[in-house]
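**Q** Here you go, sequence then predicted model.
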Amino acid sequence: MAESPSSRIHCSQDGRSWTDPIFNRTFLAGARLEQYFKSLLLIGETPIDLQSAFLHEATHHWCFYSPVGLAMVHLHLRAWKHVYLWVDDWQQGVKYAMPAATVLEDAMRYMVPMTLMRPLAEGLALFAQYDSVPSVFPSFSKVVSEPIKWLPLFFADANRLNMREAVPHPRPPQLRIPGGSAYKTLTEIRISEQMVEGKAGLLCSPFSCDNGGYLPGYLLVKCLWRYAVSKSKKFYDTDFFLCYLRSFFYDDLGFVAVLLDPYTQGYESVNAILNYFHKRLLQFFKRDLYADAERFESEVLAWEKLDEMGEDPRNHGLLRFFSDPHAAQLGYKRMQALLGDGDDIKFIDLLINRTIQRRGFMHIGKLKGMISVQQEHTQQWEGNLAEFDDYKTLAFSSNNLPTIKIPILSDAAEMKIPLWAILTESSHQLLDKSPRPNGFLRVYLSNRFELSEGRGDLNLFFSWRGNYKVAKISIADKTLCHMFFDVGDDEKSRRIAINLLDSYDKEQEFMDSLSINKLLGKPLRLDTIIEPDAFLKIMNKIYLPLALRHVPQEKVQQCIHDMSKYGMYEIMQRDGGLIRAFALLGICTALSPQRRVVSGWFEKFGMDMADAIDSLYECAKRYKIPEISQTDDLVGCFI
Amino acid sequence: MSNELVLLRFPNLTALERIELQERLSQDTVTFEDQTIGEGLAGEPMTVTAVILLSIMSLKGIVSWLLKNRLSKQFEKTVEIIGKDGTVVRTTVKVNLKSSTAAADILKQLGISDDMVKEVLNSSGGSNG
């Protein structure tokens, strides 16, 4: 097991988009800024594959932005800091032996849980992609997952901005509650060829924890959901279940206590981490999930209220009830000690601190191009800026095509530019000339803003804490401005963003160029402690039987064997058409259990739902998978 | 088939598409490359690119693959056509399953010569492969 960039990247199922758990930066392959800049920063349409990838990566981002995620990242950065300081000292002539044991211990405490939890992380992200739907019925839950909340903010297509718009068919149209708009958006995304093909591909991927363990992770999450709904109807709200499950694993301060345990070392630490995680998985089936669901909901709502009031919810003992109280207290203390570690003055500690703080931003993409800041006159502008005699323009173009051009209407450091005055993209059309769109872009000029021309960068970020998107434009490493498309009105939050993002390129480049491996000049090998093949076997032993929990006990090993190479393809009569029908059934029934509605969606693809279900029942005779239940009016699918 | 064409590459294939393509082609005509992640980072591959050596039999397999088990009657597939001299042409093949000449249309879009199209279709035993 070696510390490598690839091992820390959590991918979208199409294998192109990724999230880096350390920096929590995300690469959305479909986010071609040249093409979709207007849509991504401002308003407009974006393709389905991009929205789907966003759901996947946003779920990773949300999971890693958690106590467990933070503890792991701190450990990695502490290992990095030790190596950096050692190399730095050597270069300055202060020579001593590298603190290898300390570095290895921290690096391992990052690698082991990250690798171990990877299938679960992918399972949660896939569940968000294919299954999770916020309930439109108040009797279920008022809790909405962060990725679902971000969806209409990120893809700020104007007609989806209102989270309270009427709920579409088949939900009762009179309901006007949160989740309605997201439901509509999710239906549009999921009942699509791309999504069905994607899920069919997932179902045919190897049933092993190797290479991300997508299928075991997904089937495990589905299995946990199936169990949860048998205990509390609240979990029929799949988005609520996603919130609960994410919290159960990633908010677990008991696990934080194990990760930061100062009394274990080497094998002991590895075993402690493995044992804790395995027990945690098994513990799920022992909990009173009915009581948990009620308490979880009330505590999440209390958390959100405290957050709205500007208080730090972390200090109120919320969301710790599903951890052992003593362990949770220990985890909290150890985390506080870790956060207080370091020096407020040293460059390296400041850098780590800023890196940690920046984890709240999703980096959507970077575009290289030409920047031009020019003095302009009213008649040269395509819009109506007659009231301004004299102003500057800031233009960014990539591949000789304009991406954005905005009028800088004053010399003030901060200004609001009306959306209608912004020119975007290659067509260089005004944003919706008629009717003029409401709203504005907030532009914050840096003190280095001046008439200039040259090569530069445009970075796009999304802040889910602040509910805004921000584009940073820089020329020759100098930030010229930050542009906010903000649905809120939180000036303090924007100022923090400017402070953190101003040095993003420089600091990220610094940390990328000086990773542990690069500093050492060779990969940091953890093989002496963890043998990769043996570790994979342990992971398979943990995940695979649990993911097939509803397969008859005596058939589990044979089923694992049959699914090892091509997933469910072997047990579904090697029939690609049937796999696609099965993928579609799973997607549809997650959106609506009503036969009539699901049947209609099947017809859209020229398929007959009843025929597909008959064939799937045939396949299920062997291992009881797929598991489908139906009545005259309803149909359900548990994968 | 144009004499200039030697390879076809189909990127972004899912695990299921890979299996279905593999079943229609002989082992020595197709290889699968794991797709890597961008931005200079080597991520773990979740999709593959199929690299197919052109022959009458492989074209027959490709046509059969494109015409079967599709969710939509009309769809597009990105393909890279690689010539003997190494030139790469990236194109999008438009497939219309409703058309009685769907197989021939696919082959033409791949730049296959008329004679070779006939040969592939004849070996497939029908106009649609």
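**A** Nice, thanks for sending it over. Numbering: from 1, shown residues only, chains lettered A, B, ... in the order given.
**Q** Tell me which residue of the stretch 401-550 of chain A lies closest to chain B.
**A** A:D512 (8.2 Å; CB to the nearest CB). In short, each C-beta sits where N, CA and C put it, glycine included.
**Q** Kindly tell me how buried that residue is, as a neighbour count.
**A** 15 (other CB atoms under 10 Å in any protein chain shown).
**Q** In terms of helix, strand or coil, where does it fall?
**A** Following DSSP: H, G, I helix; E, B strand; the rest coil, the label given to A:D512 is helix.
**Q** Ok, A:K286 next?
**A** Three-state assignment for A:K286 (three-state DSSP): coil.
**Q** follow-up on the earlier one: tell me the spacing between the residue of the stretch 401-550 of chain A closest to chain B and A:S493.
**A** 27 Å (CB to CB, to the nearest Å).
**Q** tell me which residues of the lengthiest strand in chain A are tucked away?
**A** Using DSSP state E, we find that the single longest strand of chain A is strand A:361-377. Neighbour counts over strand A:361-377 (16 or more other CB atoms under 10 Å in any protein chain shown) mark A:361-367, A:369-373, A:376 as buried.
**Q** Tell me how many other residues surround the nearest residue in space to A:M563 that is not next to it in sequence.
**A** Leaving aside its chain neighbours, A:M563 sits nearest to A:F207 (3.7 Å; criterion: CB to CB, 6 or more residues apart in numbering or on different chains). Other residues near A:F207 come to 27 when the count uses other CB under 10 Å.
**Q** I'd guessed A:F207 sits against A:I560; true?
**A** Yes - counting by CB atoms under 8 Å, A:I560 is a contact partner of A:F207 at 6.5 Å.
**Q** Tell me the helices and strands packed up against the longest strand of chain A.
**A** Judged by 3 or more CB pairs under 8 Å, 6 or more residues apart in numbering or on different chains; DSSP states H and E, the packing partners of strand A:361-377 are strand A:25-27, helix A:33-41, helix A:48-64, strand A:390-398, strand A:401-408, strand A:452-463, strand A:468-475, helix A:491-501.
**Q** looking at those, which has the lowest confidence?
**A** Lowest mean pLDDT within the helices and strands packed on strand A:361-377: helix A:33-41, at a mean of 76.
**Q** Quick one: list the elements packing against that one.
**A** strand A:361-377, strand A:401-408, strand A:452-463, strand A:468-475.
**Q** Helix or strand for residue 82, just tell me which one.
**A** Going with chain A. Counting by DSSP states H and E, the element that carries A:H82 is helix A:67-91.
**Q** Let me rephrase: I mean chain B.
**A** Going by DSSP H and E, B:I82 is in strand B:74-83.
**Q** pLDDT weak spots in chain A?
**A** A:1-16, A:30-31, A:43-44, A:136-139, A:155-181, A:344, A:378-389, A:425-438, A:466, A:487-488 (pLDDT under 70).
**Q** What of chain B?
**A** B:1-5, B:36-45, B:124-129.
**Q** In it, which residue sits closest to chain A?
**A** Across chain B, the shortest distance to chain A (CB to the nearest CB) belongs to B:T14, at 2.5 Å.
**Q** Counting neighbours, what do you get for the residue nearest to that residue when sequence neighbours are not counted?
**A** With sequence-adjacent residues excluded and distances taken as CB to CB, 6+ apart, B:T14 is closest to A:G201, at 2.5 Å. Look at A:G201: counted by other CB under 10 Å, it has 26 neighbours.
**Q** Which single residue of the stretch 451-600 of chain A approaches chain B most closely?
**A** Counting by CB to the nearest CB, the stretch 451-600 of chain A gets nearest chain B through A:G576, at 4.2 Å.
**Q** quick one: contacts for that residue?
**A** A:200, A:569, B:16, B:19-20, B:68-69 (CB atoms under 8 Å, 6 or more residues apart in numbering or on different chains).
**Q** Then A:L460?
**A** By CB under 8 Å, 6+ apart, the neighbours of A:L460 are A:31, A:33, A:37, A:40-41, A:363-367, A:469-472.
**Q** ranges for the helices of chain B?
**A** B:15-24, B:56-67, B:102-109, B:114-124 (DSSP state H).
**Q** Columns distance to A:Y214 on top of those, output as a markdown table?
**A** Listed next are the helices of chain B as a markdown table, based on distance: least, CB to CB, whole Å:
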| stretch | distance to A:Y214 |
| --- | --- |
| helix B:15-24 | 9 |
| helix B:56-67 | 23 |
| helix B:102-109 | 31 |
| helix B:114-124 | 35 |
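**Q** could those go into CSV alongside mean neighbour count?
**A** Output for these, formatted as CSV (neighbours: other CB atoms under 10 Å in any protein chain shown):
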stretch, mean neighbour count
helix B:15-24, 20
helix B:56-67, 21
helix B:102-109, 21
helix B:114-124, 16
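**Q** Hey, what's the angle from the helix holding A:H82 to helix A:48-64? Just curious.
**A** Computed by axes from the mean of the first three to the mean of the last three CA atoms, to 10 degrees, the angle separating helix A:67-91 from helix A:48-64 equals 80 degrees.
**Q** Quick one: check the very next helix or strand once past helix A:67-91 for contact with chain B.
**A** Sequence-wise, the next helix or strand downstream of helix A:67-91 (DSSP H and E) is helix A:100-130. No - using CB under 8 Å from any CB of the partner chain, helix A:100-130 stays clear of chain B, with a minimum separation of 9.4 Å.
**Q** now helix A:100-130, how far from the chain's geometric center?
**A** Relative to the centre of its chain, helix A:100-130 is centred 14 Å away, using CA atoms, centre = their mean, to the nearest Å.
**Q** Next, the angle helix A:33-41 makes with the following helix or strand past it.
**A** The helix or strand immediately downstream of helix A:100-130 is helix A:146-154, counting by DSSP H and E. Going by the same axes, to 10 degrees, helix A:146-154 is angled at 110 degrees with respect to helix A:33-41.
**Q** mind saving the C-alpha coords of helix A:146-154 as PDB?
**A** The C-alpha atoms that make up helix A:146-154 are tabulated as PDB, following Å, rounded to 0.1, in the frame of the first residue of the first chain:
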ATOM      1  CA  GLU A 146     -26.800  18.800   1.400                       C
ATOM      2  CA  PRO A 147     -26.200  17.600  -2.300                       C
ATOM      3  CA  ILE A 148     -29.900  17.800  -2.900                       C
ATOM      4  CA  LYS A 149     -30.000  21.300  -1.400                       C
ATOM      5  CA  TRP A 150     -27.100  22.300  -3.600                       C
ATOM      6  CA  LEU A 151     -28.600  20.800  -6.800                       C
ATOM      7  CA  PRO A 152     -30.900  23.800  -7.600                       C
ATOM      8  CA  LEU A 153     -28.300  26.200  -6.400                       C
ATOM      9  CA  PHE A 154     -25.500  24.800  -8.500                       C
END
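**Q** which parts of the stretch 201-350 of chain A sit against chain B?
**A** A:201-206, A:211-212, A:214.
**Q** Look up how far A:V94 lies from B:D115.
**A** For B:D115, the distance to A:V94 equals 76 Å [CB to CB].
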